[in-house]
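# sequence first, then the predicted structure, then my questions.
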Amino acid sequence: GLVNAQTSDFPVAISGKIIREKNHASPYTDVIVQVGAGELDKITDYLPHPVPEKVIQWMKNSLLGGELLSGNIALRGYLSDFPFNHSEGLFKLLANVNNATLDYHPEWPPIDGIDADILFENNTLRVEASSGRVFNARITEATAVIDPLIANEHQLQINGVVSGHTNDAKHFINQSPLQKTYTLKELGHRQITGGLELELGLSIPLRKAPKQFKGNLKLVDTTFESEFPGVGLEKINGAVEFTNDSINVTGMSALYNNHPVNIAITSNSASMAAGSNITLTGISGKDFILDQLSVFFPKMDYFIKTIGQRIDGTAEWSLSIEDHLTESGAMEKQLSLRSDLQGLVIDMPFPLGKTRNQSTPIRVSTTILDSRIRQFFIAFDSSLFAEFEVDNTEDFNVNRIKIGLGKEFDQDTGRNGVFVAGNIEQIVTGDWFDFFHTLTGINGSSQQRFEQFDLNVAVTRLNLFGISADNANLHIARLRNDWEATISSADING
């Protein structure tokens with residue numbers, strides 16, 4: 001028969017039977033209970049006694065506010081056989097809730113305003129939310145599962161999909177264990193705007209123990225600004241896959257100063273605390289390359305543009321950014337730009353000149369610490385190695401340039417200026433004169449001027465304004481406005 005009743009919490013309708021048998025410790029129960037509207041937090045009072053107190057306490061602490069719209073409970077079997085792991089019976093509780101909060105763990109942001117179904121079925125608890133929000137981001141789906149309920153250790157599995165704005169992702173990262181992952185923490189503290197979709201899976205013990213998480217952060221037409229003015233990415237599209245101890249990005253695309261680039265990010269457990277390795281790749285022409293140099297070195301803009309007049313074409317390039325912890329615990333970024341320059345014509349004297357189809361590897365590298373660059377290095381093929389020392393207090397002024405020919409510059413100058421040393425196969429002085437004059441005597445008060453220039457090289461074949469000499473030593477010096485040149489060889493002295 002059907003029995004209608006009113007408890008102190010909500011109305012119920014009960015139908016079924018309970019049979020006491022002599023050969024069983026508990027009665028055989030076959031009942032269906034229909035529950036009306038009421039307060040959600042009272043539902044735990046109607047769970048079977050064998051449900052562990054730890055699980056009941058989690059429900060009381062995690063399912064907050066909201067309204068129980070309706071519920072159904074079915075119980076069939078001997079309670080002594082609960083949780084019916086071998087199909088000896090059935091226990092099923094289905095509750096429909098509205099506008100509740102799922103505060104699933106103190107270290108993670110809660111899900112507010114959820115409409116959900118709460119399902120107890122034998123040895124499993126499942127909460128399935130069809131809507132809700134985390135901050136202002138919309139939950140399109142979310143589940144919380146404890147399986148099994150009757151166990152020595154209980155594991156909560158959370159899976160969800162969140163759609164919204166990058167501001168919501170930044171809040172989520174900064175207020176969760178994700179901020180312990182350096183790369184995600186950097187994302188949470190940078191100026192980043194756009195759309196996102198976050199797929200997150202969490203595995204959380206109900207006791208104090210390490211938590212496991214994995215996720216997929218999908219960026220949609222997102223904009224990212226770095227700590228350097230004018231340097232950033234637009235229209236970022238792609239996904240960041242992450243776990244406790246790894247980050248991986250492949251197939252992500254973006255625009256860097258309106259030039260399409262591809263982005264890859266990798267990390268592993270050994271480097272998570274120190275961040276990740278980021279690689280940007282693209283194909284660009286000389287204007288793009290020169291514009292980037294001008295951003296970092298505005299007082300060398302005239303010199304950069306003058307050099308640019310001798311370059312034409314496009315080339316593939318890759319930029320890698322690696323995070324490293326210093327001995328003092330500070331984070332530094334090591335940047336390395338590489339290209340084989342194939343596709344570029346460089347109309348400059350040997351050894352810098354090249355044809356369009358010629359492959360000539362170049363590597364530009366630097367280290368950024370506290371948003372400052374103090375040095376950067378250029379290795380051009382195996383013929384030229386340059387070191388630039390930068391004064392960050394004056395708009396990235398370059399104080400000293402040391403150029404090694406055939407090998408790295410290994411002398412201690414102790415002074416500011418431009419210094420060249422080493423060995424070179426050939427020099428045609430007429431071709432180089434204008435170049436060095438441009439380098440050391442740039443017009444315009446806003447342009448950087450190097451007061452000192454010193455070149456001391458051994459030349460296998462020297463052409464001095466039409467006069468040839470073999471195995472010569474060439475020394476050219478300039479201090480302020482005074483020039484001095486000395487040449488010594490078996491063919492020329494003076």
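Happy to help now that I have it.

# list the residues that contact the residue nearest to Thr243 when sequence neighbours are not counted.
Excluding its sequence neighbours, the residue lying closest to Thr243 (Cβ to Cβ, 6 or more residues apart in numbering) is Lys214, at 4.4 Å. From N, CA and C alone the C-beta is placed, and that goes for glycine too. Residues near Lys214 by Cβ atoms under 8 Å, 6 or more residues apart in numbering: Leu200, Gly201, Glu241, Phe242, Thr243, Asn244.

# state the distance from Lys214 to Ser320.
25 Å (Cβ to Cβ, to the nearest Å).

# for Gly66, which non-adjacent residue is closest in space?
Ala100 (2.7 Å).

# repeat that for Ile56.
Thr44 (5.0 Å).

# OK, contacts around that neighbour?
Counting by Cβ under 8 Å, 6+ apart, Thr44 has contacts Ile56, Met59, Lys60.

# now render those residues as JSON lines, adding neighbour count, distance to Leu79 and pLDDT.
Formatted as JSON lines, the contacts of Thr44 follow (neighbours: other Cβ atoms under 10 Å; distance: Cβ to Cβ, whole Å; pLDDT from 0 to 100):
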{"residue": "Ile56", "neighbour count": "14", "distance to Leu79": "17", "pLDDT": "85"}
{"residue": "Met59", "neighbour count": "19", "distance to Leu79": "20", "pLDDT": "87"}
{"residue": "Lys60", "neighbour count": "13", "distance to Leu79": "22", "pLDDT": "87"}
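
# turn those into a markdown table, including secondary structure and distance to Ser70.
Output for the contacts of Thr44, formatted as a markdown table (DSSP: H, G, I helix; E, B strand; the rest coil; distance: Cβ to Cβ, whole Å):
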| residue | secondary structure | distance to Ser70 |
| --- | --- | --- |
| Ile56 | helix | 21 |
| Met59 | helix | 18 |
| Lys60 | helix | 20 |
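
# what's the closest of those residues to Pro48?
Distance to Pro48 across the contacts of Thr44 (Cβ to Cβ) is lowest for Ile56, with 10.6 Å.

# report the buried residues of stretch 480-494.
Ile487, Ser489 (16 or more other Cβ atoms under 10 Å).

# secondary structure class for the spatially closest residue to Thr486 that is not a sequence neighbour?
Nearest non-adjacent residue to Thr486, counting by Cβ to Cβ, 6+ apart: His475, 4.4 Å away. The three-state label for His475, taken from DSSP: H, G, I helix; E, B strand; the rest coil, comes out as strand.

# same check, this time on Lys235
Going by three-state DSSP: Lys235 is strand.

# can you pull the pLDDT of it?
Note for Lys235: predicted pLDDT of 94.

# what's the burial count for the nearest residue to it once chain neighbours are set aside?
The shortest distance from Lys235 to any non-neighbouring residue, by Cβ to Cβ, 6+ apart, is to Leu255 (4.8 Å). Leu255: 16 surrounding residues under other Cβ atoms under 10 Å.

# circling back to that earlier point, part of a helix, is the residue nearest to Thr243?
No. Lys214: not assigned to a helix; according to three-state DSSP it is strand.

# now do the helices in the stretch 201-350 of the chain.
286-296, 301-308 (DSSP state H, counting those that start in this stretch).

# for Ser339, which of these is the nearest?
helix 286-296 (8.8 Å).

# distance from the chain centre to that closest one, please.
24 Å (Cα atoms, centre = their mean, to the nearest Å).

# tell me which residues of it come out buried.
Lys286, Phe288, Ile289, Leu290, Asp291, Gln292, Leu293, Ser294, Phe296.

# next one: stretch 328-335
For stretch 328-335, using 16+ other Cβ under 10 Å, the buried residues are Met331, Lys333, Leu335.

# what about it, distance to the chain center?
For stretch 328-335, the distance to the chain centre is 15 Å (Cα atoms, centre = their mean).

# contacts for it?
By Cβ under 8 Å, 6+ apart, stretch 328-335 touches 182, 274-275, 319-326, 365-370.

# mark which of the residues you listed are buried, thanks.
Judged by 16+ other Cβ under 10 Å, buried ones among the contacts of stretch 328-335: Tyr182, Ala274, Gly275, Leu319, Ser320, Ile321, Glu322, Asp323, Thr366, Thr367, Ile368.

# which ones are touching the fifth one?
Taking Cβ under 8 Å, 6+ apart as the contact definition, Ser320 lies against Asn277, Ile278, Thr279, Leu280, Leu335, Ser336, Arg338.

# strands of the stretch 101-250 of the chain, start to end?
111-121, 124-134, 137-146, 155-165, 191-205, 212-225, 232-243, 246-256 (DSSP state E, counting those that start in this stretch).

# and the fourth one, what does it pack against?
Strand 155-165 sits against strand 124-134, strand 137-146, strand 191-205, with contacts defined as 3 or more Cβ pairs under 8 Å, 6 or more residues apart in numbering; DSSP states H and E.

# how about the CA coordinates for the last one, as CSV?
Provided in CSV are the C-alpha atoms of strand 191-205 (Å, rounded to 0.1, in the frame of the first residue of the first chain):
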residue,chain,number,x,y,z
GLN,A,191,47.8,40.5,-18.6
ILE,A,192,45.8,37.9,-20.6
THR,A,193,42.3,38.5,-22.1
GLY,A,194,40.0,36.4,-24.2
GLY,A,195,37.8,33.3,-24.1
LEU,A,196,38.5,30.0,-22.6
GLU,A,197,37.2,26.5,-22.0
LEU,A,198,38.7,24.6,-19.0
GLU,A,199,38.3,20.8,-18.8
LEU,A,200,39.5,19.8,-15.3
GLY,A,201,39.8,16.4,-13.6
LEU,A,202,40.7,16.1,-9.9
SER,A,203,41.4,13.1,-7.8
ILE,A,204,41.1,14.1,-4.1
PRO,A,205,41.5,11.9,-1.1
